[in-house]
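> Dropping the sequence and predicted coords here.
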Amino acid sequence: MINFLNKAPFIEDTNLNDILKICQTPFYLYSQDAIVQKVEKTKKILGNNIFFSVKSNSNQAILKLMQSLDLGADVVSIGELKRSLSAGFDPNKIIFEGVGKSQEDLLYAIQNKIRLINTESLEEIKLLQILANEKNNKINIGVRLNPNIDGDTISKISTGKKTDKFGIEIDDIHSIIDLVKSSPNLNLISISCHIGSQISKIAVYKNTFKEMKKAADKFVDAGIRIKHVDLGGGFHVQYQDEDPNFLIEDVKKELDICFSDSNYDLSFEPGRYLIAEAGILITSIINLKQNGGINYLIVDAGMNTLVRPAMYNAYHKIKSINNKSQKQFTYSVAGPICESSDIFQKNVKLPEQSIGDILVIEDVGAYGKVMSSNYNTRLLPSEILVNRDSFAIIYSSDRIEELIDKDIIPSWL
Ligand SMILES: Cc1ncc(COP(=O)(O)O)c(C=O)c1O
């Protein structure tokens, strides 16, 4: 995402050095153009029914941008629902899912007349039936099915196997049908699934589409008018050169084959695919040390800033913006957090680095800032959006004193 012009690092037409003058590291930086390009490409191939997965990046500015690009929002909590409404999404373009929605959450969603509540258990359908009866209102609902498909991705981001906690087992379709038929105030109009993230194998998409088509037809045969079939997110992003070269065009081919003889309104809920590559994390080197023959670069971003490497062993390319030496050195890039797992990457080849130099951690636009924490009483990182030769701080890091002030010491201490 960074281009060098006369040795100066640029994001779009903005010089990173200008941003560094006013914003303290570590911070996330997003390219608006990169987001727009990816969204437009995805819409061109998959159509306009794209619901951005807000969990991947929920900054209000990013949501506003996604909304302005005519995407819907896919939310998994009441907080994300409120964020999406506040960013200007039409309630009719918001889908609410998640395994743990409280009665209060459901009531809020009903009151705001969102497009769909995607139920994830028979108990949740029963609760909605009670709420709809109390309000004497008809409610549109969807069901998230668990198609029992192994996404062939890492277990921590797999969601579509029978034993995963998500969705209603596909074998329970008959119970869903019976329940919905005995609930005059519930309109079941949609089925959905999401079998996991980072799905690269086209065979997995093919199986999923087949199962979902079969499931939709079963509902229709039983007299339930399913209009929408939502096929989830999970499109693969190439974080390292050895990763599979996933093509969204191949997904579209399978989609066309599988749903050619049907009129379902098909939709998707991608997060990572739309925004991961549009974000970088800028961090400063605060210390250099050698332990056991390893050259450590200690940076001011840690697992509290970007948890993916520590949590999922995720790989993110790390680049330097100085080219002080032709010679490459081998470094381990580590954060300042008191945990051995606070290492971004081992054996990174970089030109010689010094204290104060800037490193760039790539492809962090999704599941980056949203998963950051105050662990070790460290601040959440700021976020910056670049638009050609302009940039804006879209999240301003707070102060340590504000964090401390949130704690309340009881009177007996
Ligand atoms: C229900 C649901 N939909 C969509 C997504 C988006 O996934 P991804 O960011 O991999 O596209 C997720 C994330 O896991 C999810 O839980």
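Received the coordinates, thanks.

> In a strand, D74, correct?
Yes: counting by DSSP: H, G, I helix; E, B strand; the rest coil, D74 is part of a strand.

> S190 versus L131, what's the distance?
In this view, L131 and S190 are 18 Å apart by C-beta to C-beta, to the nearest Å. Bear in mind the C-beta positions are built from the backbone N, C-alpha and C, glycine included.

> neighbours around D217, how many?
Per other C-beta atoms under 10 Å, the neighbour tally for D217 reads 13.

> phi, psi of it?
Backbone torsions for D217, taken as degrees, to the nearest 10, come to phi -60, psi -40.

> Find the nearest non-adjacent residue to the residue in the stretch 1-150 of the chain that the ligand sits nearest to, please.
Evaluated by C-beta to the nearest ligand atom, the stretch 1-150 of the chain has S53 as its residue closest to the ligand, separated by 3.5 Å. Distances taken as C-beta to C-beta, 6 or more residues apart in numbering put G271 closest to S53, at 3.0 Å, once the chain neighbours are dropped.

> per-residue confidence at that neighbour?
Looking at G271, its pLDDT stands at 98.

> Surely the residue of the stretch 1-150 of the chain closest to the ligand touches E269?
Yes: counting by C-beta atoms under 8 Å, E269 is a contact partner of S53 at 5.1 Å.

> shared neighbours of the two, which are they?
Here S53 and E269 share the contacting residues D74, G233, scored by C-beta atoms under 8 Å, 6 or more residues apart in numbering.

> packing partners for the longest strand along the chain?
Secondary structure of the chain per DSSP state E: the longest strand is strand 279-291. Where contact means 3 or more C-beta pairs under 8 Å, 6 or more residues apart in numbering; DSSP states H and E, strand 279-291 is packed against helix 16-22, strand 27-31, strand 294-299, strand 358-361.

> Tell me how confident the model is about the shortest one, as a mean pLDDT.
Mean per-residue pLDDT for strand 358-361: 98.

> Around the residue nearest to S53, count how many other residues there are.
Around G271 there are 24 other residues, counting by other C-beta under 10 Å.

> so it makes contact with S58?
No: taking C-beta under 8 Å as the definition, G271 is not a contact partner of S58, at 9.8 Å.

> on that earlier part again, looking at the helices and strands packed on strand 279-291, which is buried most?
Mean neighbour count (mean count of other C-beta atoms under 10 Å) peaks for strand 27-31 among the helices and strands packed on strand 279-291, with a mean of 26.

> tell me the mean pLDDT for the very next helix or strand once past that one?
As assigned by DSSP states H and E, the chain's next helix or strand after strand 27-31 is helix 32-46. For helix 32-46, mean pLDDT rounds to 98.

> Mind listing residues that contact the helix or strand just after helix 32-46?
Heading C-terminal from helix 32-46, the first helix or strand you meet, by DSSP H and E, is strand 51-53. Residues outside strand 51-53 that contact it (C-beta under 8 Å, 6+ apart): 63, 66, 71-74, 93-95, 230, 233, 267-272, 274.

> Tell me which residues of strand 51-53 come out buried.
Residues F51, F52, S53 are the ones in strand 51-53 that count as buried (16 or more other C-beta atoms under 10 Å).

> Out of those, the closest to Q32 would be?
Of all those, F52 has the smallest distance to Q32: 14.6 Å, by C-beta to C-beta.

> What's opposite the closest one in the beta bridge?
Each beta-bridge partner of F52 is listed here: A73, as defined by DSSP bridges.

> Run through the residues of the protein sitting next to the ligand.
Selection of the chain residues close to the ligand by C-beta under 6 Å from any ligand atom yields 53, 55-56, 74, 76, 97, 194, 197, 232-235, 269-273, 366.

> separation between I202 and the ligand?
16 Å (C-beta to the nearest ligand atom, to the nearest Å).

> Model confidence at that residue, what's the number?
For I202, the predicted pLDDT is 95.

> mind listing what it touches?
D250, V251, E254.

> make it 6 Å
Listed by C-beta atoms under 6 Å, 6 or more residues apart in numbering, the contact set of I202 reads D250.

> and if you look at N49?
S267.

> can we see that at 7 Å?
Applying C-beta atoms under 7 Å, 6 or more residues apart in numbering, we find N49 in contact with D265, L266, S267.

> of those residues, buried ones?
Buried members of the contacts of N49, counted by 16+ other C-beta under 10 Å: L266, S267.

> any low-confidence regions in the stretch 51-200 of the chain?
Counting by pLDDT under 70, the ranges of the stretch 51-200 of the chain that qualify are 151, 153-160.

> Now do the helices in the stretch 51-200 of the chain.
Secondary structure of the stretch 51-200 of the chain (DSSP state H, counting those that start in this stretch): helices at 60-68, 78-86, 103-111, 122-135, 173-181.

> What lies in contact with the fourth one?
By C-beta under 7 Å, 6+ apart, the residues outside helix 122-135 that reach it are 101, 103, 106-107, 110, 117, 119, 138-139, 141, 168, 172, 175, 179, 183, 185-186.

> all strands of the stretch 151-300 of the chain, in order?
168-169, 186-192, 228-230, 265-267, 279-291, 294-299 (DSSP state E, counting those that start in this stretch).

> Out of the helices of the stretch 51-200 of the chain, the one nearest V39 is which?
Nearest of these (C-beta to C-beta): helix 60-68, 7.1 Å.

> Whatever residue of the stretch 301-413 of the chain ends up closest to the ligand: neighbouring residues, count only.
The stretch 301-413 of the chain approaches the ligand most closely through A366 (5.8 Å), counting by C-beta to the nearest ligand atom. Residues lying near A366 (other C-beta under 10 Å) number 25.

> Please shift the residue numbers so they start at 34 in all later answers.
Let's use 34 as the start, then, which means that last one is A399.

> Can you tell me how far it is from I68?
According to C-beta to C-beta, A399 stands 11 Å off from I68.

> what do the two both touch?
Jointly contacting A399 and I68 under the rule C-beta under 7 Å, 6+ apart are I308.

> Test my guess that L288 contacts F242.
Yes: using C-beta atoms under 7 Å, L288 makes contact with F242 at a distance of 6.1 Å.

> of the two, who's got more company?
Per other C-beta under 10 Å, whichever of L288 and F242 has more neighbours is F242, with 22 against 19.

> what residues are up against the more buried one?
L264, E287, L288, C291, F292.

> Of those residues, just the buried ones, ChimeraX syntax please.
Buried residues among the contacts of F242 (16+ other C-beta under 10 Å), as a ChimeraX selection:
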select :264,287,288,291,292
